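>>> structure for the following, please:
(chains A and B)
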Amino acid sequence: MKTYEDLAGDGGSNIISQVVSQREKLRARLDKIKHKVALMSGKGGVGKSSITANIAACLADRGHTVGILDADLNGPSICHLLGVGNDEKLVINDDGIKAGEGAMGIKIMSMDMLLSSPDTPVMWTDDAGATSTWVSTMESTALRELLADTIWGELDYLLIDMPPGSDRMDNIRDLIPELAGVVEITIPSQLSQHIVSKSITKNSKMGVPIIGLIENMATYICPHCDKEGKLFEGQDAELLSSKKGINYIGKIPFDTRVSRKTDSGSLFYAENKDSITGKAIAGAVDSIIKFIENKTN
Amino acid sequence: MKFLCIPCDEQMETQTDGIMPEENKNLAMKFKCKKCGHMIAMLTNQFETEFVSKLGVEMGGASSVGSGPMSMVGSQLSQAKKELDKGKPEDNLVWTEEAQVRIKKVPFFVRNMAKKTVINFALEKGVTLIDAKLMDEVREKVGM
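Below is the predicted model:
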């Protein structure tokens, strides 16, 4: 009797060649992007998306071409932050879907661009009996399509705005093995650091390069006198980075204008780069670029 | 996974017609020995069906429907923008809304095979309207 190896081909299922074709398409798309950086946190609500959007703004301000993949499929916010409305018509051709163009020419792709209305949730089925396995398999494939089927063009940087938690990184590692690294983001609270610590440990164990740790909302800047005060109680996140042996990128003070600007589809950094928070964002970008340069050389 | 016809010692081939699975649930794939014509069915449970869905491929080969950009997102997302939905029948047959919803619930990787089965059945029968009743008839006919 013949064995598996004796049987040439796949009996007409055509699965292997489709998987190969998917990979080739993804590779062709990613090869046009020089550096891919994921921004993540084990914890939700630490300002990942705002930081991502403003880091993108800083990179664009320095003359780089930048894109953002909103990998937070169920809680997408990048369209909102960069002023791309849900009513913008998709430009679709055989090669893919044209990336949305947000503030400062930043290219974006987000589930929000694909949904029928702004308040529509991401649902893969209307069947209330659908299992969680069904949903998670859909999300993995969706992430690949968002990356591979978006016409990003030539980019210097693609930033990946990750969802809260660390599980999605498994998908990203598989899709983008050449990932330059991840930026971990925490706020000073003990709870946040406790959770982000797990995310750092997981990434270290999985061999994911960690660019460093950003301590967001580290302090509060008074809009009247520019004095800094503490927002949260907790140990300095620099201790966490030192304990974990990763680079401490620095503190980014909370500035009320960050949320005010981003809520109006404008970017804080673009208009406030000389503020204390603006300079901190620029410092974070310096660290990211330095890490990538050291890695490349 | 490959299937072997033991008496002929020949690989069995995936059949791309005659598939009408229960939406989102169990799946039956047919395989035929090209030498003796013997057919078998591979039956999967809901979890096995979901597992294969992760690949984002179509059994029997990518169709024109499946090969468009974001085909899985466009066809699987419950409320995607209209321009993404390329999953509509490419022939002159009219699908009722209910029939469209039902065909959309068939797992992505066999949806086009199921659609082909329904279309062939409708053409054979000489009807131009595909509704839920016709889809039930198809399922009864193919026995899966």
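>>> name the helix or strand for the residue nearest to residue A:249 when sequence neighbours are not counted, please.
In space, and not counting its chain neighbours, residue A:249 is closest to residue A:212: 4.0 Å by Cβ to Cβ, 6 or more residues apart in numbering or on different chains. Just so you know, the C-beta spots here come from the backbone N, C-alpha and C atoms, and that holds for glycine as well. Taking DSSP states H and E as the definition, residue A:212 sits inside strand A:210-221.
>>> got the CA positions of that strand in PDB?
Taking C-alpha atoms only, strand A:210-221 is exported to PDB below (Å, rounded to 0.1, in the frame of the first residue of the first chain):
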ATOM      1  CA  ILE A 210      12.200  44.200  23.200                       C
ATOM      2  CA  ILE A 211      13.100  47.700  22.200                       C
ATOM      3  CA  GLY A 212      12.300  49.000  25.700                       C
ATOM      4  CA  LEU A 213       9.800  50.200  28.200                       C
ATOM      5  CA  ILE A 214       7.900  53.400  28.000                       C
ATOM      6  CA  GLU A 215       6.300  54.800  31.200                       C
ATOM      7  CA  ASN A 216       3.300  56.600  30.000                       C
ATOM      8  CA  MET A 217       1.300  59.100  32.100                       C
ATOM      9  CA  ALA A 218       4.300  59.100  34.400                       C
ATOM     10  CA  THR A 219       3.600  62.600  35.600                       C
ATOM     11  CA  TYR A 220       1.000  65.400  35.100                       C
ATOM     12  CA  ILE A 221       2.000  68.700  33.500                       C
END
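>>> so what's the gap between that strand and the chain middle?
Remark: strand A:210-221 is offset 16 Å from the chain centroid, using Cα atoms, centre = their mean, to the nearest Å.
>>> same check on stretch A:274-293?
17 Å.
>>> what are the buried residues along that stretch?
Judged by neighbour count (16 or more other Cβ atoms under 10 Å in any protein chain shown), stretch A:274-293 contains these buried residues: A:275-278, A:280-285, A:287-289, A:291-292.
>>> tell me the contacts of the residue nearest to residue A:249?
A:183-184, A:241, A:246-249, A:287-288, A:291 (Cβ atoms under 8 Å, 6 or more residues apart in numbering or on different chains).
>>> so how far is residue B:43 from it?
51 Å (Cβ to Cβ, to the nearest Å).
>>> cool, residue A:86 as well?
Taking Cβ to Cβ, one finds residue A:86 at 42 Å from residue B:43.
>>> what about residue B:12, distance to chain A?
6 Å (Cβ to the nearest Cβ, to the nearest Å).
>>> of residue A:86 and residue B:43, who's got more company?
residue A:86 (17 against 13; other Cβ atoms under 10 Å in any protein chain shown).
>>> after the lowest-mean-pLDDT helix or strand in chain B, next one along is what?
Least confident helix or strand, chain B: helix B:46-53 with a mean of 70, by mean pLDDT, DSSP states H and E. Per DSSP H and E, the first helix or strand lying C-terminal to helix B:46-53 is helix B:71-76.
>>> now for that following helix, which elements pack on it?
With contacts taken as 3 or more Cβ pairs under 8 Å, 6 or more residues apart in numbering or on different chains; DSSP states H and E, helix B:71-76 sits against helix A:132-148, helix B:108-125.
>>> buried sites along the last one?
Right, the one you point to is helix B:108-125. B:108-119, B:121-122.
>>> which stretches in the stretch 101-250 of chain A count as helices?
A:132-148, A:168-175, A:190-205, A:237-244 (DSSP state H, counting those that start in this stretch).
>>> test my guess that residue A:36 contacts residue A:173.
No - the criterion here is Cβ atoms under 8 Å, and residue A:36 misses it with residue A:173 at 11.1 Å.
>>> between these two, which contacts overlap?
residue A:179.
>>> quick one, the lengthiest helix in chain A and strand A:210-221 angle?
Scanning chain A for the longest helix, with DSSP state H as the assignment, gives helix A:276-296. Helix A:276-296 runs at 170 degrees relative to strand A:210-221, counting by axes from the mean of the first three to the mean of the last three Cα atoms, to 10 degrees.
>>> what sits up against helix A:276-296?
A:35, A:37, A:51, A:54-55, A:57-59, A:62, A:180-181, A:183, A:209, A:211-212, A:214, A:221, A:226, A:228, A:247, A:249-255, A:257-258, A:268-269, A:272-273.
>>> narrow those residues to those in strands?
A:35, A:37, A:181, A:183, A:211-212, A:214, A:221, A:228, A:249-254 (DSSP state E).
>>> those residues: which two are farthest apart?
A:35 and A:228 (31.8 Å; Cβ to Cβ).
>>> which of these two has more residues huddled nearby?
Neighbours per residue (other Cβ under 10 Å) separate residue A:35 from residue A:228, with residue A:35 holding more: 22 against 15.
>>> for the more buried one, give me the pLDDT.
Note on residue A:35: pLDDT of 98.
>>> that one touches residue A:180, doesn't it?
Yes - counting by Cβ under 8 Å, residue A:180 is a contact partner of residue A:35 at 4.7 Å.
>>> how many neighbours does residue B:94 have?
Neighbour tally, residue B:94, other Cβ under 10 Å: 13.
>>> and the residue of the stretch 151-297 of chain A nearest chain B?
residue A:151 (8.6 Å; Cβ to the nearest Cβ).
>>> show me what contacts the residue nearest to that residue when sequence neighbours are not counted?
Spatially, and ignoring its direct neighbours in sequence, residue A:151 is nearest to residue A:96 (4.5 Å; Cβ to Cβ, 6+ apart). Contact partners of residue A:96, counting by Cβ under 8 Å, 6+ apart, are A:29, A:148-151, B:69-70.
>>> and the furthest pair within those?
A:29 and B:70 (12.7 Å).
>>> if you count what's nearby, which of those two comes out ahead?
residue B:70 (26 against 19).
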